[in-house]
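A.B. asks: Sequence first, then the predicted structure:
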Amino acid sequence: ETGVTQTPRHLVMGMTNKKSLKCEQHLGHNAMYWYKQSAKKPLELMFVYSLEERVENNSVPSRFSPECPNSSHLFLHLHTLQPEDSALYLCASSQDPGHPYNEQFFGPGTRLTVL
Amino acid sequence: QQQVKQSPQSLIVQKGGISIINCAYENTAFDYFPWYQQFPGKGPALLIAIRPDVSEKKEGRFTISFNKSAKQFSLHIMDSQPGDSATYFCAASMNTGNQFYFGTGTSLTVIP
């Protein structure tokens, strides 16, 4: 595997379910990100992890819970989601956590549908 | 408040034509402006980027034009090809912090 991978690629869940999204980067990067992509809206940054520590949380509802066990893996735990949470969830990584000029490499995303 | 405004929302261009996508920003602290290209089923990928110390950057058929006084920048795709059909996002960031501010995207269709 190369680059940034995400599993599952598609997920359908009920509002009472608990599920997790997984991201893995094979680039040796030190920063990882979760974004939410909704139609006709800008990409929304949800969480940033730098060297496995959360450095930014853009006021995301607590029903989204991130976890970064090491610099290569990032999870997004989901519970009691709402239909408006249906979107494409993108994971990204970059080399230098403190330098925004560094290119962010995106995974293919997980298409989430909440019924 | 949307930090970066992008237009048009969609664009249809004949093969061989020029595709132009525009973005505008308000925050003068922004100092890095990348463009990302996203194909269906894929994540966005960096296409080309510019810093405000230059007014233009060209890479192959792709050119960014930057107007610092107007706080606008645009992507020009010369000799557009069907393989360029994708969604294009402009973005902006500043040299502190980790955040990129993205535009809403432009869906480009190049007709053969």
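C.D. replies: Received the coordinates, thanks. Quick caveat, the model's predicted, so the values are computed rather than measured. Residues are numbered from 1 along each chain as shown, chains lettered A, B, ... in the order given.

A.B. asks: Show me which residues of chain A are close to chain B?
C.D. replies: Counting by Cβ under 8 Å from any Cβ of the partner chain, chain A comes close to chain B at A:4, A:31, A:33, A:40-43, A:45, A:48, A:50, A:55-56, A:58, A:90-92, A:97-101, A:103-109. Backbone N, C-alpha and C define where each C-beta goes, glycine included.

A.B. asks: Out of those residues, which end up buried?
C.D. replies: Neighbour-count burial within these applies to A:4, A:31, A:33, A:42-43, A:45, A:48, A:50, A:90-92, A:97, A:100, A:104-109; the criterion is 16 or more other Cβ atoms under 10 Å in any protein chain shown.

A.B. asks: quick one, what contacts the residue of chain B found nearest chain A?
C.D. replies: With distances taken as Cβ to the nearest Cβ, chain B approaches chain A most closely at B:Gly43, which sits 3.0 Å away. With contacts taken as Cβ atoms under 8 Å, 6 or more residues apart in numbering or on different chains, B:Gly43 has the following neighbours: A:4, A:90-92, A:106-109.

A.B. asks: Could you pull out the strands in the chain for me?
C.D. replies: If you meant another chain, say so; for now it's chain A. With DSSP state E as the definition, chain A shows strands at residue ranges A:4-7, A:10-13, A:18-25, A:31-37, A:44-50, A:53-57, A:64-70, A:73-79, A:87-94, A:105-106, A:110-114.

A.B. asks: if you could check chain B rather than the one you did, that'd help
C.D. replies: Assigned strands in chain B, in chain order: B:4-7, B:10-14, B:19-25, B:33-38, B:45-50, B:56-59, B:62-67, B:72-77, B:86-92, B:101-102, B:106-111 (criterion: DSSP E).

A.B. asks: okay, these, which one's buried deepest?
C.D. replies: Relative to the other members of these, strand B:86-92 carries the highest mean neighbour count by mean count of other Cβ atoms under 10 Å in any protein chain shown, namely a mean of 24.

A.B. asks: Identify the residues contacting B:Gly105.
C.D. replies: For B:Gly105, the contact set (Cβ under 8 Å, 6+ apart) comprises A:40, A:42, B:6, B:9, B:38, B:87-89.

A.B. asks: Show me which pair in the contacts of B:Gly43 is furthest apart.
C.D. replies: Taking Cβ to Cβ, the two most distant members of the contacts of B:Gly43 are A:Ala92 and A:Pro108; they sit 11.2 Å apart.

A.B. asks: And for A:Gln25, the neighbour number?
C.D. replies: 25 (other Cβ atoms under 10 Å in any protein chain shown).

A.B. asks: what's across from it in the sheet?
C.D. replies: Beta bridges link A:Gln25 to A:Val4, judged by DSSP bridges.

A.B. asks: Also the one 10 residues further on?
C.D. replies: Taking DSSP bridges as the rule, A:Tyr35 bridges to A:Leu45, A:Leu90.
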